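Trainee: My questions concern the predicted model and sequence given below.
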Amino acid sequence: NSFEGKLPSWLHNWRQLELLGLSNNGFTGSIPSGFRSMKNLTYLFLEDNLLEGTLDNLEQNTELKSLYIEDNALSQNIDSSFLAFHKKLLRLDISDNEFYGEVPVHLFSGNNFDVLDAHGNQISSFPDSISEENNTLSFLALQFNPLAGPFPKNAMSNMKNL
């Protein structure tokens with residue numbers, strides 16, 4: 001597609017919407033505040049646009065299972081509160097943006113979390129230990145981040161599908 005401009009503000013009127021795919025366009029600006037009212041949103045695909053800002057307007061979308069927002073210009077500190085209430089999240093792709101901070105350990109606490117692609121950001125730290133609960137992670141991409149120092153000894157020992 002070749003849509004341009006800001007994401008339409010009327011999208012929030014579709015409160016029952018479960019899947020929204022608007023990838024590979026020229027959308028600019030931030031994720032609209034109206035997304036907060038889209039409580040049934042389960043799959044969100046906004047990759048390959050020109051979006052800026054943070055994911056704050058997705059904090060109340062706790063039904064999300066898949067969030068693909070790679071290749072934008074989104075920027076946010078990743079800390080212990082980052083997507084903390086998204087217990088159903090299975091797949092997260094935030095690659096090629098401007099996220100910074102530490103990959104939060106709570107992302108790995110769900111039994112079914114299986115994809116984390118965070119390459120091409122400014123992430124500086126990875127958890128030292130991951131819960132034994134997670135044995136389904138099958139894809140982990142962290143390249144092209146300023147990670148340094150020794151690799152965390154216990155971080156991967158419980159990830160049996162990697």
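Mentor: Sure thing, it's come through. Numbering: from 1, shown residues only.

Trainee: The protein: helices as residue ranges?
Mentor: Secondary structure of the chain (DSSP state H): no helices present.

Trainee: confidence score at the closest residue to Phe85 other than its chain neighbours?
Mentor: Using C-beta to C-beta, 6 or more residues apart in numbering and skipping residues adjacent in sequence, the residue nearest Phe85 is Thr62, 5.1 Å away. For glycine as for every other residue, the C-beta is placed from the backbone atoms N, C-alpha and C. According to the prediction, Thr62 has pLDDT 95.

Trainee: got the contact list for the residue lying closest to Leu46 once chain neighbours are set aside?
Mentor: Distances taken as C-beta to C-beta, 6+ apart put Ile69 closest to Leu46, at 5.0 Å, once the chain neighbours are dropped. Taking C-beta atoms under 8 Å, 6 or more residues apart in numbering, we find Ile69 in contact with 44, 46-47, 51, 55, 93-94, 97.

Trainee: Over to Met38?
Mentor: 11-12, 14-15, 17, 20, 61.

Trainee: what does Asn121 give?
Mentor: Here Asn121 is in contact with 94-100, 144-145 (C-beta under 8 Å, 6+ apart).

Trainee: where does it fall, phi/psi-wise?
Mentor: phi -130, psi -160 (degrees, to the nearest 10).

Trainee: Neighbour-wise, which one of the contacts of Ile69 leads?
Mentor: Counting neighbours by other C-beta atoms under 10 Å, the top entry in those is Ile94, with 26 neighbours.

Trainee: Please tell me how far it sits from His106.
Mentor: 15 Å (C-beta to C-beta, to the nearest Å).

Trainee: What subset of the contacts of Met38 is buried?
Mentor: 11-12, 17, 20, 61 (16 or more other C-beta atoms under 10 Å).

Trainee: with the residues you listed in mind, which one is nearest to His86?
Mentor: Asn61 (7.6 Å; C-beta to C-beta).

Trainee: dump the residue contacts of that closest one.
Mentor: Contacts of Asn61 (C-beta under 8 Å, 6+ apart): 35-36, 38-39, 41, 44, 86.

Trainee: Hmm, Asn40 and His12 touching each other?
Mentor: No. With contact defined as C-beta atoms under 8 Å, His12 and Asn40 do not form a contacting pair (11.9 Å).
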